[in-house]
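J.: give me coordinates for this.
(one chain, ligands or ions: 1)
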Amino acid sequence: MASEAYSLVLGCGWIRATPRSPRFALFLPSRPLAVSCKMRQKHFSSQQKRQQIKRVSREQLRPNINSESHNNDNGLSQKASSDGLSNQGQESVLSNDDDSEHDSKDMAEASVEETKSEMEDEIIQEHQRIPLEDLKSMIRNVEKNVSSLNQAEVGALQELDKILSDKEALQAEINIKEMKLAETDAQIKVAAQEKINVEPLEDQLEKLKEVAPLGNGIMEGNHSSFSGEFPIVLELNALRKEYSVVKDDIQTLKLKLNDVIETEERVSLLEKECCLLDTSLAELQSQFTNALVDVDKLSSLPSYYKALSEKVKKLLGSVDSSNKEDQLDFSEFAKLQQKVDKLEASISKANMTELPYEKFRLYEEILQKKIGSFEKHLQVSDQEIHSQIQLFQESVREFQDTLDKLQEDSKKRSQEQILENLPWEFWSRLLLLIDGWLLEKKISTNDAKSLRDMAWKKDSRIRDAYLACESKGEHERLTTFLKLTYTSTRPGLHIIHIAAEMAPVAKVGGLGDVITGLSKALQRKGHLVEIVLPKYDCIQYDLIADLKALDVVIESYFDGQLFRNKIWVGTIEGLPVYFIEPHHPAKFFWRGTYYGEHDDFKRFSFFSRAALELLYEAGKRPDIIHCHDWQTAFVAPLYWDIYAAKGLNSARICFTCHNFEHQGTAPASELSSCGLDVHQMNRSDRMQDNSAHDRVNPVKGAIVFSNIVTTVSPTYAQEVCTAEGGRGLHETLKSFSKKFVGILNGIDTDAWNPSTDKYISAQFHADDLRGKAENKNAIRKHLKLSWSNSSQPLVGCITRLVPQKGVHLIRHAIYRTLELGGQFVLLGSSPVLHIQREFEDIAMHFNSHPDVRLLLKYDDALSHLIYAASDMFIIPSLFEPCGLTQMIAMRYGSVPIARKTGGLNDSVFDVNDNTVPEQYRNGFTFLPPTEQGLSSVMGRAFRYYSTNPEGWQQLIQKDMTLDFSWDSSASQYEELYERSVIRARTAAARV
Ligand SMILES: Nc1ncnc2c1ncn2[C@@H]1O[C@H](COP(=O)(O)OP(=O)(O)O)[C@@H](O)[C@H]1O
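T.: Prediction:
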């Protein structure tokens, strides 16, 4: 394109004006030499042309002369002409005399005359030799020749005249052309000069304009009359014109230059595009290579599939051979095989075909689609194959099982046939063994009876047990047989809880929750669980199903006489519950309260004895009697001291202390009321209080007399073995450490379930927390708190307001919450008067405060709403045997802020504690029981809440899904119970 434009410019240059050509050369550096050469050639050729014209005009003259002479010389003109052209000497002469026309004419005439005289001389000489006649004819011929010669001469002269006139015309023409040539030469010279001196000329013009006002007029063409008189002015005019033409040309050139620049820019853009295309091409190439690798990989899949098919076929074969009824459908496999084969073929086809680069993209897309669909097919095939394999494996397994069973059955049958046909001798030996153990008092009459019955019926279990331990020692045989009596007769354990609380009908604190939660969990595990409770007047009777008084009176001993007890039965949360209503003049459970009465020792010692009386009278044979806290701790010594001897001897006693702070000590004399021998019991190794020897300690008595002693968390179990934590019982606990264990409580996940809770405003769960925000809003409105800022954190606290719970820290938490910009809701009441008063004052102080509300009461329904609404939950206990509120709070998405003590230490793990695996970190903890310690941890929690809302949300979700159910705790109790029962039977067998 550039060269095209250039030739066009050159063309224009030649057509319009030669002088412009060198200016182009300024912008087209490769061209100036050629152009100037061309100019020089042109100039040279015009000179040559002129010389040629001159030469031709001279030569045109010469042949005419020669032809004249040679025509007369019998057509020898050709030779004469060539001689004439080659005669250099003649040419040089002619060239020196180029305008003498007359001289030429004279010379022609002289030449004719000369020829004529030469001929006459020849005739005379011929005449002297030849006859006259001949001479006469010859003369006539000569005369004829002369006349024809004369005619020829006239013609020649005419011809000469014509030639001369032609010559003149030609000469004139030549002159004009030479003049024109000279002019052109001059113009060329001027142009050459002008091309070098445009600017000086401009300056000159400017100077002329300045110095000659006349010149201005001339240049403007107003004084044409002076043109001829001022050649310089004319020249200047011409120059001006030339200058304007040049200017135009410059303009044109500039435009052209812009075009060129634009073109260059376009070229560079195109180059860039070209580069980009190159790189994308390279990318495509590499993608193509990768795709080929992928295709390679994919091509290996069919072989993998084939291997799988082979395996499946093998399996099918084995199944076929095992069971011909199991006919397998191969059509699916055949279809899959066809699909894979097809894909394989298309892949190899694609590999063989080399696609052009411009089709890469299209190819890649198709390839990707193919790979995608192939992968999908493969996935589906994989799944199908997998499920088919599983199906076949299952059927093979089933078949194998049936086979095994059949084999076992047939083996059994044949064995049974053998065993059934066991000689009478075998059964007699077995019966004698049982009787011997009974007589030797190695087993009880009952155990002996049930074992004897089994042997009598030829029960396979006793036969197998006998055969299994035939070669073993007697103790092991005894244990095996006793286990048989216990497992063979019942599906699980018979467990009876004797307690002072049961949630939700008679709940003061965590004890009530444990009774219900643990019992339900044990019930679910297949055990028979029953609960015996005092029939308090303040029980929530509406929560008891099928409550009824039995038409029976149980008399129980107290203060030297028998008192009648009315027995009520009913179910609470699906659990069978017995209520004892003593008809005692002191109206032990008609007080409108559970605890805190002056005669609590009497009240609960009475109840403990009446409960055992009930079991005894009812003829119950429980495996486990589980008593709780000091209120029912009397059961352990009463059982072993009185009821075991009376025949209620099937049970093992488990005692759980929920709080060693409460030991129920009393003057030793009071113990006699329930029938215990004070003298026997008030001993340091029995019930005597470790600190006051005239007092008996029911908790110590339970530790001593129970088979299993537990407390409610592993950390607390350790703490109470120290002087600081044991409250005087640490030595006793240490001495019975073998039967003492700490098991963390669980919570009743049915009762505490935010997705089904009927007490809360909106149910919610970990995956959808919108309900939690609704509950927050609802409680704020309900308690007339400010609800303008939904992100203002709400701190909850539900507790008994007792020193153990860190009341001073709870009070501090209220102020600290305000300091941190949060809201605080407390639900609690105190059995301690001064604490109750103190909190009532605080409640009054914040009566209409927008951010604090204190509710000094016990309110189960409200507690649910607070758990559901709060963002954080505070438990700053000085000590905490287990604590349930932190677990309930977490279940409701309220993050616990707890002191590291007792059960809190076993269930709350700080978000920053690197010693704990990340998945267990669920809250904020602090150790020093000080206001500073609490302030600091609350600050951390608030910062986390406000600065990391996403992390907070995740923390809530994690907390809500943690397992605090009773399942694992109940399993631990179950294991303890079972071990104890077996041990008892074995021990009984030994005695
Ligand atoms: N004022 C109250 N209103 C309703 N429920 C309460 C109140 N105070 C405590 N609770 C409940 O009592 C139980 C407390 O158990 P826990 O944390 O083991 O403490 P403790 O047994 O020492 O009182 C929780 O279920 C808690 O919700």
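J.: residues from the chain in reach of the ligand?
T.: 509-510, 513, 798-800, 827-829, 858-860, 863, 882-885, 888 (CB under 6 Å from any ligand atom). Quick note: C-beta positions are derived from backbone N, CA and C, even for glycine.
J.: the same query, at a cut-off of 5 Å, please.
T.: Taking CB under 5 Å from any ligand atom as the contact definition, the chain meets the ligand at Gly509, Gly510, Ile798, Arg800, Leu827, Gly828, Tyr858, Asp859, Ser863, Gly883, Leu884, Thr885.
J.: spit out the contact partners of the second one.
T.: For Gly510, the contact set (CB atoms under 8 Å, 6 or more residues apart in numbering) comprises His658, Val712, Asn745, Pro881, Cys882, Gly883, Leu884.
J.: among the residues of the chain next to the ligand, which are in helices?
T.: Those of these mapping onto helices are Gly510, Ser863, Thr885, per DSSP state H.
J.: okay, who's weakest in those residues by pLDDT?
T.: Within the set of these, pLDDT is lowest for Gly510 (89).
J.: how much space between it and Ala465?
T.: Using CB to CB, to the nearest Å, one obtains 43 Å as the distance from Gly510 to Ala465.
J.: give the contact list for Leu493.
T.: Residues near Leu493 by CB under 8 Å, 6+ apart: Leu522, His527, Leu528, Asp623, Ile624, Glu974, Tyr977, Glu978, Val981.
J.: now do Lys162: how many residues are near it, please.
T.: A count of neighbours around Lys162, defined by other CB atoms under 10 Å, yields 11.
J.: what distance do you get for it to the ligand?
T.: 150 Å (CB to the nearest ligand atom, to the nearest Å).
J.: wasn't that residue part of a helix?
T.: Yes - judged by DSSP: H, G, I helix; E, B strand; the rest coil, Lys162 forms part of a helix.
J.: ok, the closest residue to Trp952 other than its chain neighbours to the ligand distance?
T.: Spatially, and ignoring its direct neighbours in sequence, Trp952 is nearest to Tyr945 (5.3 Å; CB to CB, 6 or more residues apart in numbering). Distance, Tyr945 to the ligand, by CB to the nearest ligand atom: 23 Å.
J.: isn't Tyr945 right up against Leu955?
T.: No - if you go by CB atoms under 8 Å, Tyr945 and Leu955 don't touch, sitting 9.3 Å apart.
J.: joint contacts of the two?
T.: Contacts common to Tyr945 and Leu955, judged by CB under 8 Å, 6+ apart, are absent.
J.: nearest to Leu160, of the contacts of Leu493?
T.: Glu974 (158.5 Å; CB to CB).
J.: what lies in contact with the strand or helix carrying the residue nearest to Trp952?
T.: Here Tyr945 sits within helix 931-947, counting by DSSP states H and E. Contact partners of helix 931-947, identified using CB under 8 Å, 6+ apart, comprise 791, 793, 808-809, 812-813, 816-817, 820-822, 871-872, 874, 876, 895, 897, 899, 911-912, 924-927, 951-952, 955.
J.: buried ones in that helix?
T.: Glu931, Gly933, Leu934, Ser935, Val937, Met938, Arg940, Ala941, Phe942, Tyr944, Tyr945 (16 or more other CB atoms under 10 Å).
J.: between the residues you listed, which is nearest the ligand?
T.: Leu934 (18.0 Å; CB to the nearest ligand atom).
J.: by contact count, what packs against the longest helix along the chain?
T.: Scanning the chain for the longest helix, with DSSP H as the assignment, gives helix 231-322. The elements that helix 231-322 packs onto, with contact taken as 3 or more CB pairs under 8 Å, 6 or more residues apart in numbering; DSSP states H and E, are helix 2-16, helix 21-27, helix 132-196, helix 198-211, helix 213-219, helix 331-352, helix 360-420.
J.: for it, what is the distance to the chain centroid?
T.: 34 Å (CA atoms, centre = their mean, to the nearest Å).
J.: again, but for stretch 430-445
T.: 71 Å.
J.: got it, and stretch 872-884?
T.: 38 Å.
J.: what does stretch 512-530 give?
T.: 44 Å.
J.: what residues sit buried inside it?
T.: Neighbour-count burial for stretch 512-530 flags 512-523, 525, 527-530 (criterion: 16+ other CB under 10 Å).
J.: and the gap between Thr961 and the ligand?
T.: 20 Å.
J.: neighbours around that residue, how many?
T.: 12.
J.: enumerate every residue touching the closest residue to it other than its chain neighbours.
T.: In space, and not counting its chain neighbours, Thr961 is closest to Ala766: 5.2 Å by CB to CB, 6+ apart. Going by CB under 8 Å, 6+ apart, Ala766 touches Gly893, Ile956, Gln957, Met960, Thr961.
J.: and those residues, which are buried?
T.: By neighbour count, with 16+ other CB under 10 Å, the contacts of Ala766 hold Gly893, Ile956, Met960 as buried.
J.: biggest strand in the protein by residues?
T.: Criterion DSSP state E: the longest strand present in the chain is strand 545-558.
J.: put the alpha carbons of it into CSV.
T.: Only the C-alpha atoms of strand 545-558 are listed here, as CSV (Å, rounded to 0.1, in the frame of the first residue of the first chain):
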residue,chain,number,x,y,z
ALA,A,545,-50.1,-37.7,83.9
ASP,A,546,-52.5,-40.2,85.3
LEU,A,547,-51.9,-39.2,88.9
LYS,A,548,-53.8,-41.4,91.3
ALA,A,549,-53.7,-42.5,94.9
LEU,A,550,-53.3,-46.2,95.4
ASP,A,551,-55.7,-48.0,97.5
VAL,A,552,-53.0,-48.9,99.9
VAL,A,553,-51.3,-47.6,103.0
ILE,A,554,-47.7,-48.1,103.6
GLU,A,555,-46.7,-47.8,107.2
SER,A,556,-43.3,-46.6,107.9
TYR,A,557,-41.3,-46.3,111.1
PHE,A,558,-40.4,-42.9,112.6
